[in-house]
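Enquirer: give me a 3D structure for the following:
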Amino acid sequence: MAEFARRHVVVVAGGISHERDISLRSGRRVADSLTGYGWQVDLRDADASLLPALAADRPDVVWPALHGASGEDGALRGILEALDIPYVGSRSTSARLAWDKPTASALVSRAGVRTPRSITLSHDVFRELGAVGVLQAIASEHPVPLAVKPARGGSAQGVTLVENVDDLPRAMVAAYTYCEDAVVEQLIRGTEIAVGIIDTGDGPLALSPVEIVPRNGFYGYEARYNAGETTFFTPARLSEEQSQAASAAAILAHRALGLRHVSRVDIIIDGAGTPWFLEANVLPGLTETSLVPQALSASGFDLGWTYAELAEQAIRDHSA
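Expert: Numbering: from 1, shown residues only. Below you'll find the model as predicted:
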């Protein structure tokens, strides 16, 4: 613990995205865990005072807990790189790849992991070609059930499961509320799991898979962050073979996107036991109901120790 006690970390949370409240909760949990492990922790909002403070104080490391675009699309990470300050998490280039869901799916598919068949449509296409014609074309080639989601974004905001083709227009509107591009993809039915991955210097390690069983059948925003809305099974109720296949797929996705330190890969295990990649998160939620903390605890890791080790690895990577 003496090694960690000398470190000064700035946890950045909040911001102005749709996920501000979740970010603040994640940031507070990280700050409390590191404080309890002897670190000097400053919890700062992402506002105009942040960069001058970082430039003046030069912390040992920054922990971005800023959910939403600025925290996950590589922008904040690129600024930290320009300031030459170590930070926890994936580099800016990798964050941009994972943040864009169609790009991430293409790269992960190329690495050998199954991905749902999909099409990405900009809002401009609807304006130029007409919504009716575009939706008819989608329905002819992509039969229901479907999942419609923003091409960029988190916390399942703007995501709709479409069981009836008549509901597709409303689903597109919901997705465009959060992003100018929408993804319409094949809905894979099966067991929904999340695989957290950490890397403290010995290569990516897949944590115990967490099985997600939302009360209303859809793991949306409310189900993610309101206690009692979702039942979690850690470890997931999978066979040993299925669990190993899911972990291997998650690590393949993590590597294909060039991620580092900590990530979460969301997967569906279909009826045949095949893992399908849904998306990767470079800044997984760390709230009291989030999946990575649950997986860490189930895998026998102490949160404070793990967060400190990840921050130490960020410092080592920066020095290297």
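Enquirer: okay, CA-based contacts and neighbour counts for the rest of this
Expert: Will do.
Enquirer: now Gln157. Nearest residue, chain neighbours left out?
Expert: Nearest in space to Gln157, with sequence neighbours left out and distances taken as Cα to Cα, 6 or more residues apart in numbering, is Tyr221 at 6.1 Å.
Enquirer: thought that neighbour was touching Gly158?
Expert: No - contact criterion Cα atoms under 8 Å: Tyr221 and Gly158 do not qualify, at 9.1 Å.
Enquirer: okay, these two: which has more neighbours?
Expert: Per other Cα atoms under 10 Å, whichever of Tyr221 and Gly158 has more neighbours is Gly158, with 23 against 15.
Enquirer: name the element the closest residue to the more buried one other than its chain neighbours belongs to?
Expert: Spatial nearest neighbour of Gly158, excluding adjacent residues (Cα to Cα, 6+ apart): Ala175 at 4.5 Å. Taking DSSP states H and E as the definition, Ala175 sits inside helix 168-176.
Enquirer: buried stuff in that helix?
Expert: 168, 171-172, 174-176 (16 or more other Cα atoms under 10 Å).
Enquirer: which SSE is immediately downstream of whichever strand or helix holds Ala104?
Expert: Assigned by DSSP H and E, Ala104 falls within helix 101-110. Counting by DSSP H and E, the next helix or strand C-terminal to helix 101-110 is strand 118-122.
Enquirer: low-confidence ranges in the stretch 201-320 of the chain?
Expert: Nowhere does the stretch 201-320 of the chain drop to pLDDT under 70.
Enquirer: so where do the strands sit in it?
Expert: 205-206, 210-214, 230-233, 262-269, 275-281 (DSSP state E, counting those that start in this stretch).
Enquirer: Arg96 contacts Glu72, correct?
Expert: Yes - Arg96 is in contact with Glu72 according to Cα under 8 Å; the separation is 7.4 Å.
Enquirer: of the two, which one has the most company?
Expert: Neighbour count, other Cα under 10 Å: between Arg96 and Glu72, Glu72 has more, with 29 against 22.
Enquirer: and the more buried one, what does it touch?
Expert: Contacts for Glu72 (Cα atoms under 8 Å, 6 or more residues apart in numbering) come out as 66, 95-96, 99, 282-283.
Enquirer: gap between it and Ala46?
Expert: Per Cα to Cα, to the nearest Å, Glu72 is found 13 Å from Ala46.
Enquirer: do Arg215 as well
Expert: Arg215 is 34 Å from Ala46, by Cα to Cα.
Enquirer: try Leu34
Expert: In this view, Leu34 and Ala46 are 20 Å apart by Cα to Cα.
Enquirer: in terms of neighbours, single out the busier of those two.
Expert: Ranked by neighbour count (other Cα under 10 Å), Leu34 and Ala46 place Leu34 first, with 26 against 20.
Enquirer: in the protein, which spans are helices?
Expert: Along the chain, counting by DSSP state H, helices occupy 2-5, 20-36, 50-57, 69-72, 75-83, 92-99, 101-110, 123-129, 131-141, 168-176, 221-225, 240-256, 291-298, 303-319.
Enquirer: for the third one, packing partners?
Expert: Taking 3 or more Cα pairs under 8 Å, 6 or more residues apart in numbering; DSSP states H and E as the contact definition, helix 50-57 has no neighbouring helices or strands.
Enquirer: what about Ser92, distance to Leu135?
Expert: 35 Å.
Enquirer: higher neighbour count, these two?
Expert: Between Ser92 and Leu135, counted using other Cα under 10 Å, the more crowded position is Ser92 (20 against 17).
Enquirer: so who does that one touch?
Expert: Ser92 is in contact with 73-78, counting by Cα under 8 Å, 6+ apart.
Enquirer: out of those residues, which is most surrounded?
Expert: That'd be Arg77 among those, by other Cα under 10 Å, with 26 neighbours.
Enquirer: excluding its backbone neighbours, what's nearest that residue?
Expert: Ser92 (5.1 Å).
Enquirer: again, but for Asp199
Expert: Closest residue to Asp199 apart from its sequence neighbours, by Cα to Cα, 6+ apart: His261 at 4.6 Å.
Enquirer: ok, the residue nearest the centre of the chain - contacts?
Expert: In the chain, the centroid-proximal residue (Cα atoms, centre = their mean) is Asn281; its distance is 2.0 Å. Asn281 sits next to 98-99, 263-265 when contact means Cα under 8 Å, 6+ apart.
Enquirer: ok, now how distant is the residue nearest to Arg77 from Ile79?
Expert: Using Cα to Cα, one gets 9 Å for the distance from Ser92 to Ile79.
Enquirer: repeat that for Ala248.
Expert: Distance, Ala248 to Ile79, by Cα to Cα: 33 Å.
Enquirer: okay, those two: which has more neighbours?
Expert: Ala248 (17 against 13).
Enquirer: what's the nearest residue to that one once chain neighbours are set aside in contact with, if anything?
Expert: Using Cα to Cα, 6+ apart and skipping the chain neighbours, the partner closest in space to Ala248 is Ala206 (8.0 Å). By Cα under 8 Å, 6+ apart, the contact set of Ala206 is 195-198, 247-248, 250-251.
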